[in-house]
Each structure stands twice: as structure tokens, then as C-alpha cells.
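> What follows is a predicted protein model with its sequence.
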Amino acid sequence: MSYEVGENVVVYPGTVIGDGCKIGDNAVVGKQPSLSPRSTAKREELPPLELGPGTIVSTGAVVFAGTKLGARVIVGDGARVRERCVIGDDVVIGSGSLVENDTTVGALTKIQAEAYITAYSILEDEVFIAPCVVTTNDNFMGRTEKRHELIKGPTIRRRARIGGGAILCPGVEIGEEAFVGAGAVVTKDVPPRVVVVGNPARVLRDVPEEELL
């Protein structure tokens, strides 16, 4: 088994590096989280990070312990993937993006540059996330203890597309093959195979047949 490791890379003990992986200069893999006293994340011993075969962790990227990356994943320059995430095969996580803890990303999903995927989110297979998309998970914005049991990120069903700069509010579900327009603010569930636009997002029309996979 062989893999490539660049200059000034930090590989924490126990990290599993698959055959053909490439880890770029100044990357950090297998890092343990540092949690604030008010964090909603679990406090537990984390298993080692696992990088699937052919995965690339690019320059300056950070991937935490307790996470599993599938085969041929690309983590872009300066991107970060937190603990207890499961990332499917052939996923792209763009430069400067952040995938927070306890998130699942399905195979062939593309998360473009500077996107923010909040904790406790679900992205199914072949989802497309455009640059600078923001997802949220806390309707109380850090106030009241009640929030701990209600925190939930969006669920984005297979092959849905989220346009540049869109904002998804906590717990919303984006239906299969739905299209969220650029800059939309999604405050409620989006049905499958429709286009939504605006603030708050509203249904504009159906997704054209020729765009459906």
C-alpha cells in the first residue's frame, strides 16, 4: 500500500490512510476537537480518522478524528471536515468549505467553495451545493437549554441543487431533485422537483424534464 504525504503535514496517531491517498502540504488529519463548555457536540472518545483509497486531502485542509471518508474524496485547499462525519465515495468538498460534526454526505455530492454545512445535516447522493451556501441548525441561536434536543440541520434529498449564497433554515427538507435558486432563504420544506426562489423561498415552477436525472 502506498500514499503521498506533503511537507509539514500532521498525522495524528491511529489515522487510517487508504491506498493511493494524497495529503497536501500543511494539512492536519485525525485531529481531536476542542469544544467550548456550551457546545452541543458529543464529548466522547473518538475512533481514528479513516481516509478511503484514492482520497485527496489538499493543502492546509483539516479532517478530524471519528470521521470516515470514502474512496476518491477530494477535500479542497483549506477545507475542514469535523468529527463523526460520514462522507461517501467521490464527494468533492470545495476550497474553504466547512462540514460540521455529525453530518452525512452521500456519494457523488459536490460542495463548492466556501460553503458551510452545519452540524447534524444530511446530504443524500448526488447533491449539488453551490459556493457560499449557508445551512443552519438552531432556531434559538444559542439561547435556552431547550435548543439541545431540537437542534437539527437541513436534510437535502438526492440530486437536489442549492444555488449560490442560498440560506437553509434549521430542519428544513429539500425534496429530491429540487432546485433552490441563488440567494434564496428557505424557511420551510421544499417539495421534490420544483424550483424555489426568493426570501422567503416560494415555488416558482417545476424543474424541467430535461434537467431531471
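In hand now; what should we look at? Numbers count the residues shown, from 1 in each chain.

> dump the residue contacts of Gly163.
Taking C-beta atoms under 8 Å, 6 or more residues apart in numbering, we find Gly163 in contact with Ala130, Val133, Phe179, Val180, Gly181, Ala182, Gly183, Ala184. C-beta here means a position set from N, CA and C on the backbone, and glycine is covered the same way.

> What sits closest to the last one if chain neighbours are left out?
If I follow you right, that is Ala184. The spatially closest residue to Ala184, leaving aside those adjacent along the chain, is Ala201, at 4.2 Å (C-beta to C-beta, 6 or more residues apart in numbering).

> The one you found - how many residues pack around it?
Neighbouring residues of Ala201 were enumerated by other C-beta atoms under 10 Å; the total is 24.

> Give me the distance between it and Pro47.
Applying C-beta to C-beta, to the nearest Å, one obtains 38 Å for the distance of Ala201 from Pro47.

> Tell me the buried residues in the worst-scoring helix or strand of the chain on mean pLDDT?
In the chain, no helix or strand scores lower on mean pLDDT, DSSP states H and E than helix 147-150, which sits at a mean of 75. Using 16 or more other C-beta atoms under 10 Å as the test for burial, helix 147-150 gives Arg147.

> Give me the next element, helix or strand, following that helix.
strand 155-156 (DSSP states H and E).

> Quick one: list the elements packing against that next one.
The criterion is 3 or more C-beta pairs under 8 Å, 6 or more residues apart in numbering; DSSP states H and E, and the helices and strands that strand 155-156 contacts are strand 122-123, strand 173-174.

> what would those look like in TSV with mean pLDDT, distance to Gly20 and mean neighbour count?
Below are the helices and strands packed on strand 155-156 laid out as TSV (pLDDT from 0 to 100; distance: least, C-beta to C-beta, whole Å; neighbours: other C-beta atoms under 10 Å):
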stretch	mean pLDDT	distance to Gly20	mean neighbour count
strand 122-123	98	25	23
strand 173-174	98	34	23
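
> Tabulate those in TSV, adding columns for distance to Val92.
What follows is these, written out as TSV (distance: least, C-beta to C-beta, whole Å):
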stretch	distance to Val92
strand 122-123	12
strand 173-174	19
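
> Between those, which one is closest to Leu108.
Each of the helices and strands packed on strand 155-156 was checked against Leu108 via C-beta to C-beta, and the shortest separation belongs to strand 122-123, namely 10.7 Å.

> What distance do you get for the residue nearest to Ala184 to Asp189?
Between Ala201 and Asp189 the distance is 10 Å, computed by C-beta to C-beta.

> can I get the contacts of Gly163 in a markdown table with distance to Asn101, pLDDT and secondary structure?
Shown next, in a markdown table, are the contacts of Gly163 (distance: C-beta to C-beta, whole Å; pLDDT from 0 to 100; DSSP: H, G, I helix; E, B strand; the rest coil):
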| residue | distance to Asn101 | pLDDT | secondary structure |
| --- | --- | --- | --- |
| Ala130 | 23 | 98 | coil |
| Val133 | 18 | 98 | coil |
| Phe179 | 28 | 98 | strand |
| Val180 | 24 | 98 | strand |
| Gly181 | 29 | 98 | coil |
| Ala182 | 27 | 98 | coil |
| Gly183 | 27 | 98 | coil |
| Ala184 | 26 | 98 | coil |
